[in-house]
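Trainee: just need the structure, nothing else, for what follows:
(chains A, B and C)
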Amino acid sequence: MDDRFADVTDIARPRLLLIDGHSMAYRAYFALPVDKFATTTGEPTNAVHGFISMLATLLRVEEPTHVAVAFDAGSTTFRTVRFPQYKGTRDATPEQFKGQVPLIKEVLTSMRIPFLEKDMFEADDILATLSSQADALGMEVLVCSGDRDSLQFVNENVTVLYPVKGVSELARMTPDAVQVKYGVAPHQYPDLAALVGETSDNIPGVPGVGPKTAAKWINQFGGLEEILTHADEIGGKAGESLRAHLDQVRLNRELNHLLTDIELPFGPDDLRAQPWDREAMNAVFDALQFRTLRERLFAMHPAGQDSEQEAAQAAPEVEVVPLAPGVLAQWLDARADQTLGLDVAGRAVPAGGDAWAFAIADGADGAGSAIALDFADLTAADDVVLGTWLADATRRKVAHGGKATWHELAARGYDLRGIVFDTELAAYLCFPDQRGYDLGELVERHLGHELRALETDAGDQGSFDLSVGEGNQDSEANRLAVRAAALTDLAEVLGGELKDREAADLLATLELPLSEVLAQVERRGIAMDVDYLRDLEKHFSEIVAEAARSAYEVIGREVNLGSPKQLQEVLFDQLAMPKTKKIKTGYTTDAAALADLFAKTEHPFLEFLLAHRDATRLRQTVEGLLKAVADDGRIHTTFQQTIAATGRLSSTEPNLQNIPIRTEAGRRIRRAFVVGDGFETLLTADYSQIEMRIMAHLSGDTALIEAFRSGEDLHSYVGSRVFGVPTTEVTSAQRSKIKAMSYGLAYGLSSFGLSKQLGIEVGEAAKLMDDYFERFGGVRTYLTGVVDEARATGYTATIMGRRRYLPDLTSDNRQRREMAERMALNAPIQGSAADIIKVAMLGVEREIAERGLRSRLLLQIHDELVLEVGAGELTELEALVREQMGSAADLLVPLDVSVGVGASWHDAGH
DNA sequence: CTCACTACGTA
DNA sequence: CGTACGTAGTGAGG
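Mentor: Have a look, this model is predicted:
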């Protein structure tokens, strides 16, 4: 029996929750401010938020076992046919509301809550039908509706929850409550409503007859029929009025009678609450940008609880083997030809990490065995056995985030080899747009059971049945055992997913080997000139102080120059400058806007402010670097391999992929990155215009390919074709326009965007693009083709087959669809470039190792590699790097590599 | 303390 | 109304 919503003490009585979708969503829409609930793309979500929030509360508080939502199918119903004025006074549905009903349905679908709608009928009829059926089945029924007509089916088993304030406060309309509020029994409510009328439905009542009179008559005569029969006996003005409107009252009663016998695809029994599709919920809540609400829901039903049913058979059992002398070696030897799961607990950083416990498990089809132990409890003999096994590349291992595991083990002096599958990398390749790849979530999603520490509920259905050995009851180790045991099973499932996506090779030959390279790259770090960095910090600090002082002097007071809010006050109130571009919190004070303001006003405050901004940022960067220098005098960044949906790496703690280069002051920071002791120099090697070359390759455009083969300056060459002048006569202004456009095309730039960027008219920008496509028609064909294909297949692909799935390409929402289109344009280009440099990194490392050189790779900055050159190896290394980078992909155009050498990153740059 | 927002650095 | 990232400060909320 599914007990996910039910209180265990009250499980015998099924409880059905029915919701009138439209009326509650509509109330939510007016209850919450639409401007406070919108996605970053401006899509209003207030009704969705209010509705789902109310739903969450109902699920928690009422604990229904069965749930359904009914929607109105359209504005035409049998009632409007019978009485065209019905609901005629209603204002047109607000535009902001319309789009939100489908979103609510998306959420409901993800929560596997059925919703019903039926042509020609209203939601209330569906609710009445289901309610009466459920009542007959002995169920307890809760009807959540903002339509008072629903009060007619209230009885001892059926309660209506009627919104009193917004959607957060619901009145429990039991028979007693109806009696108290309206003075009649629930089944008599439509009689009362027929007499009184309902303004919101444009149903006129009997003039002069209000709820009080109506109730009095109903109680006096027993019901509407009797009132009508005895209409002649009723005296006074009210009686007169009634006799004048008998037909209207009869019609009213006919209209407000809810049908309890319409045909529906589901009966109450089919509405049993189902386990949520958490993946779908995550996707839809991501899109809606509901954070708190998602957490509120998930907190009600923690991961795993939903899938207990399905998990019953699938849940593996694993026994943790008590460790006696010799057992580890025996256990491992018995599994010499198996692939084993390995999980380590520790601090996974490239310098100063640690490991405190580990687990190794086989995944013997749900009845496995595991070793789980604190490193502190490891005997010297077992330590050797473990170290040998870890370092043996022929002993196959599955890890989740092998690079992190590698760092943890390296901190304890172990080498780790032989990782043949990494579940985190595999999940990333399959679902590159996902936020994270938590092992527990993956297990739940792909294995259908939860990853639960055993000691809380050992022996429970659906959990691991771990027999804990003597002296081996440490919970951390057991937690690890459960994780390790899941790895081989998960690897199998994700391996299948990879195959389906034709990405198995990508994992085995690219990402997995790359993770080993990155682990070493991170552990090496790059040497820093700390003294120089400190001087630089002092220097930038002085500029900051000076700029701040000058700025305060100009405006005659001290403000926080780092606060956009305070700056707005100074600029637009105190100094009364013209307003800049509007943003959520007022008017922007970004650098472009400030420069624009300076051009208009020449106010010295702006100069000082900009100088202060620049210097502050540079100082921050320097401070961040100083803090990141490890004990070895080097900075060890972490390269994230599963973050960027296009396939790029990213760099964190610190980010070494965004060190300034464009300004002279910024470039000075690069002087702090220096060659380390024992090495000759730094070498940087970067691809020139790799994205444009990929564009040429993928489009096959002969003119663009020729541009690269000609060996001339690309943008001048393209400019000469577009403007119809010799290459030598392309002005620098023309060249930069061409450059901006060429790169913009790869990002899905519009003529509007191009005009804004270049500060030209939209027409001129459009003309520029037309002229470009006139000469490079293959590019246009390619760009439109790539979106069409992605729409058809659901994904884009890079030259190495790395996919990015873009379901929004078919979205009804224009903003989302166009965003997806731009992603589709860019992903193959950015992603192919990422593929190529990853191949190059593997090639460079492999060649260096094969030739026994000491030189080593230190950094990757998307299209650039930084290496430390061993003494006497410069010439050979440069040739090797050029060769490996140049041959990393076989394109229709050459892959140009430029190399620089110097004692610092700045000096090695070009 | 966490979060959204603004701003800005890189490819 | 151009893609992909990470970081830092502010100010509002808890």
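
Trainee: run the chain-centre distance for stretch A:646-659.
Mentor: A distance of 19 Å separates the centroid of the chain from that of stretch A:646-659, by Cα atoms, centre = their mean, to the nearest Å.

Trainee: that one and DNA strand C in contact?
Mentor: Yes: Stretch A:646-659 lies within reach of DNA strand C by Cβ under 7 Å from any atom of the strand, at A:Thr646, A:Arg648, A:Ser650, A:Ser651, A:Thr652, A:Glu653, A:Pro654, A:Asn655, A:Gln657, A:Asn658. In this view, the C-beta of every residue, glycine as well, is placed from N, C-alpha and C.

Trainee: avg pLDDT for the lengthiest helix in chain A?
Mentor: In chain A, taking DSSP state H as the definition, the longest helix is helix A:814-850. When pLDDT is averaged over helix A:814-850, the result is 95.

Trainee: and that helix, which residues are buried?
Mentor: For helix A:814-850, the neighbour count (16 or more other Cβ atoms under 10 Å) marks A:816, A:818-845, A:847-848 as buried.

Trainee: residues near the nearest residue in space to A:Ala393 that is not next to it in sequence, how many?
Mentor: Nearest residue to A:Ala393 in three dimensions, chain neighbours excluded: A:Arg417, at 3.9 Å (Cβ to Cβ, 6 or more residues apart in numbering). When neighbours are counted by other Cβ atoms under 10 Å, A:Arg417 registers 13.

Trainee: and A:Arg417, how far from DNA strand B?
Mentor: 31 Å (Cβ to the nearest atom of the strand, to the nearest Å).

Trainee: residues from the stretch 751-900 of chain A in reach of DNA strand C?
Mentor: Counting by Cβ under 7 Å from any atom of the strand, the stretch 751-900 of chain A sits next to DNA strand C at A:Phe752, A:Gly753, A:Lys756, A:Gln757, A:Met819, A:Arg822, A:Met823, A:Asn826, A:Ala827, A:Gln830.

Trainee: isn't there a helix covering the third one?
Mentor: Yes: secondary structure of A:Lys756 (DSSP: H, G, I helix; E, B strand; the rest coil): part of a helix.

Trainee: what residues does chain A put near DNA strand C?
Mentor: Checking chain A against DNA strand C by Cβ under 7 Å from any atom of the strand, the hits are A:560, A:562-563, A:565-566, A:620, A:624, A:640, A:643-646, A:648, A:650-655, A:657-658, A:740, A:743-744, A:747-750, A:752-753, A:756-757, A:819, A:822-823, A:826-827, A:830.

Trainee: how does it look with 6 Å?
Mentor: Counting by Cβ under 6 Å from any atom of the strand, chain A comes close to DNA strand C at A:560, A:562-563, A:565-566, A:620, A:624, A:640, A:643-646, A:650, A:652-655, A:658, A:743-744, A:747-750, A:752-753, A:757, A:819, A:822-823, A:826, A:830.

Trainee: quick one: contacts for the closest residue to DNA strand C within chain A?
Mentor: Closest contact between chain A and DNA strand C, by Cβ to the nearest atom of the strand, is at A:Gly753 (2.0 Å). Contact analysis of A:Gly753 by Cβ atoms under 8 Å, 6 or more residues apart in numbering lists A:Gly744.

Trainee: do that again at 10 Å, thanks
Mentor: Contacts for A:Gly753 were tallied using Cβ atoms under 10 Å, 6 or more residues apart in numbering; they are A:Ala740, A:Gly744, A:Tyr747, A:Val762, A:Ala765, A:Arg822.

Trainee: show me where the stretch 551-700 of chain A has helices.
Mentor: A:564-568, A:591-601, A:604-628, A:664-670, A:690-699 (DSSP state H, counting those that start in this stretch).

Trainee: return the most buried member of those.
Mentor: Stretch with highest mean neighbour count among these: helix A:690-699 (a mean of 24; mean count of other Cβ atoms under 10 Å).

Trainee: that one: how far from the chain's middle?
Mentor: So, by Cα atoms, centre = their mean, the centroid of helix A:690-699 is 29 Å from its chain's centroid.

Trainee: and for stretch A:23-30?
Mentor: Centroid separation for stretch A:23-30 versus its chain: 27 Å, with Cα atoms, centre = their mean.

Trainee: list the buried residues of that stretch.
Mentor: A:Ser23, A:Met24, A:Ala25, A:Tyr26, A:Arg27, A:Ala28, A:Tyr29.

Trainee: repeat for stretch A:411-430
Mentor: A:411-412, A:414, A:416, A:418-430.
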